[in-house]
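Requesting a structural model of the entry that follows:
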Amino acid sequence: MAQMLIFGMGYAASHLAGRLRARGWEVIGTTRDGRGDTTAFDDAAAVLAALRTSTHILSSVPPVEGDDPVLSRYGDAIAIAPAAWTGYLSSTGVYGDAGGAWVDESAPVKGRRPDRNAADAEWRALRGDVRVFRLPGIYGPGRSILDRIAEGRAHRIASPDQVFSRIHIGDIAGGVIASFRGPAGVYNLADDEPCHQNRLVEWGCVMLGAPLPPLRSLDEAGLSPAARAFYAENRRVANGKAKRLLGWTPRYPSFREGLAAGA
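Reported below is the predicted structural model:
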């Protein structure tokens with residue numbers, strides 16, 4: 001039986017786990033506290049046992065305080081595990097600011113977070129079967145602009161040249177599954193239509209019949225440091241490699257399809 005061990009059963013990984021279980025896979029997932037049907041990350045005996053039996057291994061855990069906890073704790077065991085496939089959910093943040101230009105997998109890694117850049121490189125070097133998936137902004141049910149509009153948390157920012165890429169959680173799962181039959185390597189998983197965040201807000205307001213938030217500068221919007229950092233980078237993420245080598249096509253090629261599906 002195909003079995004995947006997933007480090008970090010968060011939003012995107014849980015969606016993937018559901019897709020795999022529907023196909024008859026066994027999925028073992030870790031969380032920090034072992035809540036629900038997951039395994040506690042620090043339960044080394046259980047994790048090492050799963051590494052010995054899993055056909056596929058995936059980490060969705062980002063670096064924490066400058067360190068990749070999965071590699072620090074289990075990297076040596078993962079490197080020699082008998083799995084036939086290994087994956088890591090990285091971030092297109094490793095490309096840094098591109099001034100709105102297109103970036104593909106050949107672009108230099110120069111993101112503003114050295115720990116994320118390092119983790120991306122360490123996973124690529126860990127073993128020969130690794131697929132690194134670089135992801136832009138993730139959205140889906142319960143985590144979309146529709147939710148932020150409904151909760152009064154949506155903003156329109158006066159930065160007309162700013163462009164972002166994004167990816168629906170369903171298309172992350174689709175890309176990971178497509179890679180089971182594709183070659184190892186680095187893949188951008190992004191939709192086909194990078195655009196300004198304001199377009200999503202405006203489209204979502206029309207869908208919900210909600211008033212448009214006022215157009216404000218970054219300073220006027222009073223954004224959190226994390227939200228301000230979101231606007232510090234400007235790039236379009238190319239997805240052609242995943243289409244060519246994995247046969248992957250996003251089910252939600254733009255935010256319009258994703259939001260129309262209930263996000």
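
can you give me how far the helix or strand of the chain with the lowest mean pLDDT is from the chain middle?
Among the helices and strands of the chain, helix 225-230 carries the lowest confidence by mean pLDDT, DSSP states H and E, at a mean of 84. Helix 225-230 has its average C-alpha position 17 Å from the chain's average C-alpha position, going by CA atoms, centre = their mean, to the nearest Å.

Show me what whichever strand or helix holds Ile167 is packed against.
Assigned by DSSP states H and E, Ile167 falls within strand 166-168. Applying 3 or more CB pairs under 8 Å, 6 or more residues apart in numbering; DSSP states H and E, we find strand 166-168 packed against strand 137-139, helix 255-260. Where C-beta positions appear, they are placed from N, C-alpha and C, glycine not excepted.

Most tightly packed of those?
Of the helices and strands packed on strand 166-168, the one with the most neighbours on average (mean count of other CB atoms under 10 Å) is strand 137-139, at a mean of 21.

Give me the distance from that strand to the chain's centre.
Averaging C-alpha positions (CA atoms, centre = their mean) puts strand 137-139 7 Å from its chain's average.

do the same with stretch 164-177
7 Å.

thinking again about what came up before, format the helices and strands packed on strand 166-168 as TSV; extra columns: distance to Pro62.
As requested, the helices and strands packed on strand 166-168 are exported to TSV (distance: least, CB to CB, whole Å):
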stretch	distance to Pro62
strand 137-139	12
helix 255-260	23
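
could these go into JSON lines alongside mean pLDDT and distance to Leu200?
Below are those laid out as JSON lines (pLDDT from 0 to 100; distance: least, CB to CB, whole Å):
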{"stretch": "strand 137-139", "mean pLDDT": "96", "distance to Leu200": "9"}
{"stretch": "helix 255-260", "mean pLDDT": "97", "distance to Leu200": "5"}
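
Good, we can wrap up now.
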